[in-house]
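S.K.: Please find the sequence and the predicted model below.
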Amino acid sequence: MLALEQLAIAYGPHTVVKDITLSLAEGQIGCLVGPSGCGKTTILRAIAGFEAPQSGQIRLQGQAVSTALQQQAPEQRKVGMVFQDFALFPHLTVADNISFGLQQHSKAQKAAKVKQLLQLVGLPDLGQRYIHQLSGGQQQRVALARALAPEPKVLLLDEPFSSLDAEFREVLARDIRKILKQLQITAVLVTHDQFEAFAMADMIGVMQHGQLQQWATPYELYHRPASRFVADFVGRGVMLPGVMLDEQRVETCLGIFRQRYLPDVRAGDHVDVLIRPDDIVHDDESAIQATVADKAFRGSHILYTLALTGGELVYCLALSHHNHAIGEQIGIRLDLDHLVLFPRTLGAVSGLN
Ligand SMILES: Nc1ncnc2c1ncn2[C@@H]1O[C@H](COP(=O)(O)OP(=O)(O)OP(=O)(O)O)[C@@H](O)[C@H]1O
């Protein structure tokens, strides 16, 4: 449905998007995450038709719409956009905002469309309100309805939730995902917030310096990060130092772990093993003791920061009835489903994020 093939985009002499290849099937939701300035918005603008490629191409429904030589005009692409600041018209009602892009439709068609979309975004009774009479979340739903009104094939969402409260964002992201899935719309979301990406996306692309580091499902990205950068950027975790005993076994201060297929490592190599908070299990029976250095209450869980006897810090996600005070010693064991490790290179830091 949407394919970016070896896409590069430059502003003057600076190539800010480099060799991006990714694709989404019809109805799939993709998400681009990465540090500020890594090129996420530039990619959205190129898909919408506002930036021309330096090389490579963009295909929509099999047809090349952007190449270095030719550009289909933005209004012919059937691509809708939802922005961070909503960009709604304050002097128009909700209904008029939604029907704004439907100039060629009759009054009755517009009214029917507005009614259907208000229903879809969960605001059936708010058509006659003005924008300032709505909450931030309601405004974002109106912005979504307005973008959906012309029935786009692809919807682009640029940090659509960033002005909303953190706890509310994930809920809205889930709701919007349901709406997009119901309509089978292909969408690309740009966000800084990985939890928003997890809540909404089928596929996530992690970008750094204009390049795509990994394009994978949220599960794969979290459990099988392709690089140290992705491991650091997505989810919490620490890198625990280890030494390879042979090509399949690594020794760490939490024990010896084994896996059959590991990257190119040999006996004696120094590595960093990625440990997620859910890999560390609180176990009173365990001989391995750790000291609670910090704790964060998360409702059903407590996220502990634990100091191991050698001083290394790890996270542990424990059910919240396992309530321990800072300074207390608790038993832990490592429950690794699979090993993610990276060869230790000069300058690599193992630490918390
Ligand atoms: N119109 C422009 N002219 C020149 N350089 C630009 C222009 N727009 C963006 N850039 C540069 O291109 C790079 C990528 O910008 P882009 O807005 O795509 O990043 P981003 O990942 O979306 O960042 P953020 O998360 O901060 O929004 C940045 O270095 C930015 O300064």
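M.R.: Done, it's in. Residues are numbered from 1 along each chain as shown.
S.K.: What residues does the chain have near the ligand?
M.R.: Contact residues, the chain versus the ligand (C-beta under 6 Å from any ligand atom): 11, 16, 34, 36-42. C-betas here are computed from N, CA, C, even on glycine.
S.K.: The protein - how does it break down into domains?
M.R.: Listed domain ranges for the chain are 2-230, 237-343 (source: automatic domain parsing).
S.K.: Deepest-packed of the ones you listed, please.
M.R.: domain 2-230 (a mean of 18; mean count of other C-beta atoms under 10 Å).
S.K.: where does the helix ranked longest in the chain sit relative to the chain's centre, distance-wise?
M.R.: Ordering each helix of the chain by length in residues (DSSP state H) puts helix 166-183 first. Helix 166-183 has its C-alpha centroid displaced from the chain centroid by 13 Å (C-alpha atoms, centre = their mean, to the nearest Å).
S.K.: just stretch 212-231 next, same as before
M.R.: Here stretch 212-231 is found 11 Å from its chain centre; the criterion is C-alpha atoms, centre = their mean.
S.K.: got the contact list for it?
M.R.: 19-22, 34, 197-198, 201-208, 234-235, 237, 239, 272, 274, 276, 337-338, 340, 342, 348 (C-beta atoms under 8 Å, 6 or more residues apart in numbering).
S.K.: For the stretch 1-150 of the chain, just list every one of the helices.
M.R.: Secondary structure of the stretch 1-150 of the chain by DSSP state H, counting those that start in this stretch: the helices cover 40-48, 94-98, 107-120, 136-148.
S.K.: Name the residues that touch the shortest one?
M.R.: Applying C-beta under 8 Å, 6+ apart, the set of residues contacting helix 94-98 from outside is 88-89, 111, 113-114, 117-118, 123, 126-131, 134, 142, 145-146, 149.
S.K.: Extract the CA atoms of that helix and return them as CSV.
M.R.: These are the backbone C-alpha positions of helix 94-98, laid out as CSV (Å, rounded to 0.1, in the frame of the first residue of the first chain):
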residue,chain,number,x,y,z
VAL,A,94,-17.0,21.2,15.2
ALA,A,95,-19.3,20.2,12.4
ASP,A,96,-18.0,23.0,10.1
ASN,A,97,-14.4,22.1,10.9
ILE,A,98,-15.0,18.4,10.0
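S.K.: could you give the mean pLDDT of that helix?
M.R.: Summarised as a single mean, pLDDT over helix 94-98 is 93.
S.K.: cool, and the first one?
M.R.: Over the span of helix 40-48, the pLDDT mean works out to 95.
S.K.: Does anything pack onto that helix? Which helices or strands?
M.R.: On a contact count with 3 or more C-beta pairs under 8 Å, 6 or more residues apart in numbering; DSSP states H and E, helix 40-48 meets strand 2-11, strand 14-24, strand 29-33, strand 79-82, strand 154-158, strand 186-190.
S.K.: Please consider this matter closed, and thank you.
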